[in-house]
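Peer 1: pasting the sequence and the predicted model now:
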Amino acid sequence: MTGAGGMPDPGVPDPGKPDPGMPGTGIPGTGIPGPGMPEAAAMSGTAIRIEGLRKAFGANQVLKGIDLTVSTHEVICLIGASGSGKSTLLRCLNLLEPISAGRISLWGQEITAAGIDQNLVRRSIGIVFQSYNLFPHMNVLRNVTLAPRKALGTPRLQAEEEARALLSRFGLLDKEAEFPDRLSGGQQQRVAIVRALAMRPQIMLLDEVTSALDPELVAEVLDVIRELAAAGMTMLIATHEMGFARDIARRVCFLEEGRIIEDAPPAELFTAPKDERTQRFLRRIIAAGRL
Amino acid sequence: MDGSQPDPPVDPFAGFPAASPAAIGGAWQTPGSFGAAGRGPRLLSGGGRRATVISTTSTLVVLGALVAVFLLAPGSSQVRHTFFNPTDMWQSFVGDPKKGYYSVGEAIWLNIRMFLAAEVLILALALLIALIRQSRSPVLFPFRVLSLIYVDFFRGVPLLLVLLAIGFGVPALRLPFVSTQSAAIYGVATLVLSYSAYVSEVYRAGLNSVHQSQVAAARSLGLSQATALRHVILPQAVRNIIPPLLNDFISLQKDTALVSVLGAIEANEAAQIYSSTVFNYSSYAVAAILFLILTIPLARFTDRLIDRDRRRRLAGAAT
């Protein structure tokens, strides 16, 4: 698994041996890499480097040259109107969309180069979608264990044990036998996050994960994300929850028409936005009562 | 549907004659109830004692009328003797090789065997064709063209013609092994070729019914294309197409009778031999009854699956 595909495969744990987990680091008992975990310790510096990223669907230019650098353990929120390119950016990072130009590197390794094993790359980048996209024909436990078992070759019992640890950490253990359509939106989205975490990614991409939820269910999902941030997960979060972005993000990027217009710490961007387009967007948000 | 209706048909049941609600078990009388109760218009759905009385009466009246027409028709006794003579029916069912005719009851086993063999092969071949047609890889382009031609051809040519071409054409080639098979084998081969074209389209509809976001979710977890297909896409696709698939198999069961043109002694051929030996058509009635015994359970099973599927979707929509 290591080497052949091109990725140096920095942190994907060896499926053979579960990492023991160090006391007091990461999320206890879950194997989610925290700042002190062996694999996470090896990771430092720049996690993601995006250079000149362009993406067009036919004649429609969605991303018009994105440059962005994300440090390891950093949490960055992407804000902007619908259609500004936030989702496309995240999908490009996960290699779900082939890019039109530019390059993306993870820890110095270019993942958009030819000959890269996409499946290997995706194992270290988890993505969670607005519409959950759980597998409706599988119960919660099988949703979570499918990828570790089929992509990493983890034995079933071990995969289930790890899945239960994650599920219990996020208060979902009693739901392991339920099918997705029996869960609330908030529960489904938390399962979707757990499903992504089961692959022990180094990076999590969250694509408007609370946008489809009823207001009273938003908090339970945001709490999970806070927990991940506290555990040192490197995250890129596209969101409409401005209050949440202000709390959790080290940096906030405002996107408009496929470009990053402003990139600043939340205290700066939300209180003293420099660009006139950012100001206009925030005024509209405030008028809508979302900030 | 009903051109004589003067005003726009706002009521979806407007086209039904007044007598029809009772005739089909009273289910339409309470259209609002089947959504709430989560069950569809079953053949005999509830609705209280009054509905039961009405539907029973109506059934008796309708059946009685049909039987009366049959019995009172001028040629009734002739028809009963020629098609439904109990003695002939029994004789053709058990058969008598000494008198030169086969048992229809035994011959139906050949239909069952042909059906089962064809079904398994169709499921496999049709899936392969559907996957090729759905593929995007440029390497597979020639195969995509071939499978398109295949589907067009075998859906367009009548089954009977294919049967004759293969059943008489392949032996005429005088190839070793291939040309020396039994009529039943050529029959199965024909059924597989012809039905796979239809069933591959059913599969394709099923594959298309699975939302692209499911593919994205599976691939984003690092699953390969093949693994995503096998564990995420196909199970959902197949679930969606089980009713139309079973529908095709019901007609496959019947179409095994066509293999009689090649001389295979299956139920239809056995019945024909009986009728031309004894000059009585009751053997055909026996074959018809045996086919019904095969197809009706499958038809009811299909109905139940459709029903269950709808209930599940209603339950899913409610949450």
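Peer 2: Yes, it's here.
Peer 1: mind listing what's buried in stretch A:152-170?
Peer 2: A:152, A:154, A:158-160, A:162-167, A:169-170 (16 or more other Cβ atoms under 10 Å in any protein chain shown). Just so you know, the C-beta spots here come from the backbone N, C-alpha and C atoms, and that holds for glycine as well.
Peer 1: now do stretch A:246-258
Peer 2: Going by 16+ other Cβ under 10 Å, stretch A:246-258 has these buried residues: A:246, A:248, A:249, A:251, A:252, A:253, A:254, A:255, A:256, A:258.
Peer 1: how long is it from one end to the other?
Peer 2: 22 Å (Cα to Cα, to the nearest Å).
Peer 1: can you list the residues that contact it?
Peer 2: With contacts defined as Cβ atoms under 8 Å, 6 or more residues apart in numbering or on different chains, stretch A:246-258 is touched by A:55, A:61-66, A:68, A:74-81, A:84-86, A:89, A:225-226, A:229, A:237, A:245, A:260-267, A:269-270, A:273, A:275, A:277-278, A:281.
Peer 1: now stretch A:262-279
Peer 2: A:68, A:77, A:242, A:245-247, A:249-254, A:256, A:261, A:282, A:291.
Peer 1: again, but for stretch A:171-183
Peer 2: A:132, A:134-141, A:143, A:163-164, A:167, A:187-188, A:190-191, A:194, B:315-316, B:319.
Peer 1: avg pLDDT for that stretch?
Peer 2: Averaged across stretch A:171-183, pLDDT comes to 92.
Peer 1: coming back round to it: and which of the contacts of stretch A:262-279 is nearest residue B:137?
Peer 2: Closest to residue B:137 out of the contacts of stretch A:262-279 is residue A:68 (32.6 Å), distances taken as Cβ to Cβ.
Peer 1: can you pull the contacts of the closest one?
Peer 2: A:48, A:49, A:50, A:76, A:253, A:260, A:263.
Peer 1: the fourth one should be in a helix, yeah?
Peer 2: No - residue assignment for residue A:76, taken from DSSP: H, G, I helix; E, B strand; the rest coil, gives strand, which places it outside any helix.
Peer 1: can you pull out the helices in the stretch 151-300 of chain B?
Peer 2: B:159-172, B:183-209, B:212-220, B:225-228, B:234-255, B:267-278, B:282-318 (DSSP state H, counting those that start in this stretch).
Peer 1: mind listing what residue A:58 touches?
Peer 2: Counted by Cβ under 8 Å, 6+ apart, residue A:58 has zero contacts.
Peer 1: any idea how far chain B is from it?
Peer 2: 17 Å (Cβ to the nearest Cβ, to the nearest Å).
Peer 1: report the outermost residue of chain B with respect to its centre.
Peer 2: residue B:222 (39.9 Å; Cα atoms, centre = their mean).
Peer 1: one step back: so can I have CSV of the helices of the stretch 151-300 of chain B showing mean pLDDT?
Peer 2: CSV is the format used below for these (pLDDT from 0 to 100):
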stretch, mean pLDDT
helix B:159-172, 94
helix B:183-209, 95
helix B:212-220, 94
helix B:225-228, 92
helix B:234-255, 91
helix B:267-278, 91
helix B:282-318, 84
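Peer 1: what's the closest of these to residue B:59?
Peer 2: helix B:282-318 (17.6 Å).
Peer 1: where in the stretch 1-150 of chain A is pLDDT low?
Peer 2: A:1-43 (pLDDT under 70).
Peer 1: and if we set it to 80?
Peer 2: The stretch 1-150 of chain A contains residues with pLDDT under 80 at A:1-44.
Peer 1: what residues does it have near chain B?
Peer 2: By Cβ under 8 Å from any Cβ of the partner chain, the part of the stretch 1-150 of chain A that sits against chain B consists of A:91, A:94, A:96, A:118-120, A:122-123, A:126-127, A:129, A:131, A:133-137, A:146-147, A:150.
Peer 1: and these, which are buried?
Peer 2: Judged by 16+ other Cβ under 10 Å, buried ones among these: A:91, A:94, A:96, A:118-120, A:122-123, A:126-127, A:129, A:131, A:133-137, A:146-147, A:150.
Peer 1: look up phi and psi at the closest residue to residue A:90 other than its chain neighbours.
Peer 2: Closest residue in space to residue A:90, ignoring its immediate chain neighbours: residue A:205 at 4.4 Å, by Cβ to Cβ, 6 or more residues apart in numbering or on different chains. For residue A:205, the backbone dihedrals (degrees, to the nearest 10) come out as phi -110, psi 120.
Peer 1: ok, residue A:205 touching residue A:126?
Peer 2: Yes - shown here, residue A:205 and residue A:126 form a contact pair, counting by Cβ atoms under 8 Å, at 6.9 Å.
Peer 1: does residue A:67 count as helix, strand or coil?
Peer 2: Per three-state DSSP, residue A:67 ends up strand.
Peer 1: what about stretch A:77-89, start to end distance?
Peer 2: Termini of stretch A:77-89 sit 12 Å apart (Cα to Cα).
Peer 1: residue nearest the middle of the chain, spatially speaking?
Peer 2: Chain wasn't specified; assuming chain A. residue A:205 (1.8 Å).
Peer 1: oops, wrong one, chain B.
Peer 2: Closest-to-mean residue, chain B, Cα atoms, centre = their mean: residue B:250 / 2.2 Å.
Peer 1: can you pull the contacts of it?
Peer 2: B:295, B:298, B:299, B:302.
Peer 1: all the helices of the stretch 151-291 of chain A, residue numbers only.
Peer 2: Using DSSP H, counting those that start in this stretch, helices in the stretch 151-291 of chain A cover A:156-169, A:185-197, A:215-230, A:242-248, A:266-271, A:276-287.
Peer 1: check what pLDDT residue 223 gets.
Peer 2: Went with chain A since none was named. 91.
Peer 1: should've been chain B
Peer 2: 94.
Peer 1: correct me, but residue B:162 touches residue B:190?
Peer 2: Yes - using Cβ under 8 Å, residue B:162 makes contact with residue B:190 at a distance of 5.1 Å.
Peer 1: out of those two, which sits in the busier spot?
Peer 2: residue B:190 (26 against 19; other Cβ atoms under 10 Å in any protein chain shown).
Peer 1: OK, contacts around the more buried one?
Peer 2: B:159, B:162, B:163, B:166, B:167, B:259.
Peer 1: how about residue B:277, nearest residue that isn't a chain neighbour?
Peer 2: That would be residue B:101: by Cβ to Cβ, 6+ apart, it lies 4.8 Å from residue B:277.
Peer 1: near that neighbour, how many other residues are there?
Peer 2: Residue B:101: 21 neighbours (other Cβ under 10 Å).
Peer 1: pretty sure it is touching residue B:274, no?
Peer 2: Yes - Residue B:101 is within contact range of residue B:274, at 4.3 Å (criterion: Cβ under 8 Å).
Peer 1: between the two, what contacts are shared?
Peer 2: B:92, B:95, B:283.
Peer 1: format these as JSON lines; extra columns: neighbour count and distance to chain A.
Peer 2: Output for those, formatted as JSON lines (neighbours: other Cβ atoms under 10 Å in any protein chain shown; distance: Cβ to the nearest Cβ, whole Å):
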{"residue": "B:92", "neighbour count": "31", "distance to chain A": "48"}
{"residue": "B:95", "neighbour count": "19", "distance to chain A": "48"}
{"residue": "B:283", "neighbour count": "31", "distance to chain A": "47"}
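Peer 1: what is the nearest of these to residue B:182?
Peer 2: residue B:95 (19.6 Å).
Peer 1: now do the contacts for the closest one.
Peer 2: Contacts of residue B:95 by Cβ under 8 Å, 6+ apart are B:101, B:102, B:103, B:104, B:105, B:106, B:270, B:274.
Peer 1: about what we covered before: of the contacts of residue B:190, which are in range of chain A?
Peer 2: Of these, not one also sits near chain A (Cβ under 8 Å from any Cβ).
Peer 1: buried ones among those residues?
Peer 2: By 16+ other Cβ under 10 Å, those give B:162, B:163, B:166, B:167, B:259 as buried.
Peer 1: how close does the last one get to residue B:97?
Peer 2: So the one you mean is residue B:259. Using Cβ to Cβ, to the nearest Å, residue B:259 is found at 21 Å from residue B:97.
Peer 1: could you do the second one as well?
Peer 2: Applying Cβ to Cβ, the value for residue B:163 to residue B:97 is 27 Å.
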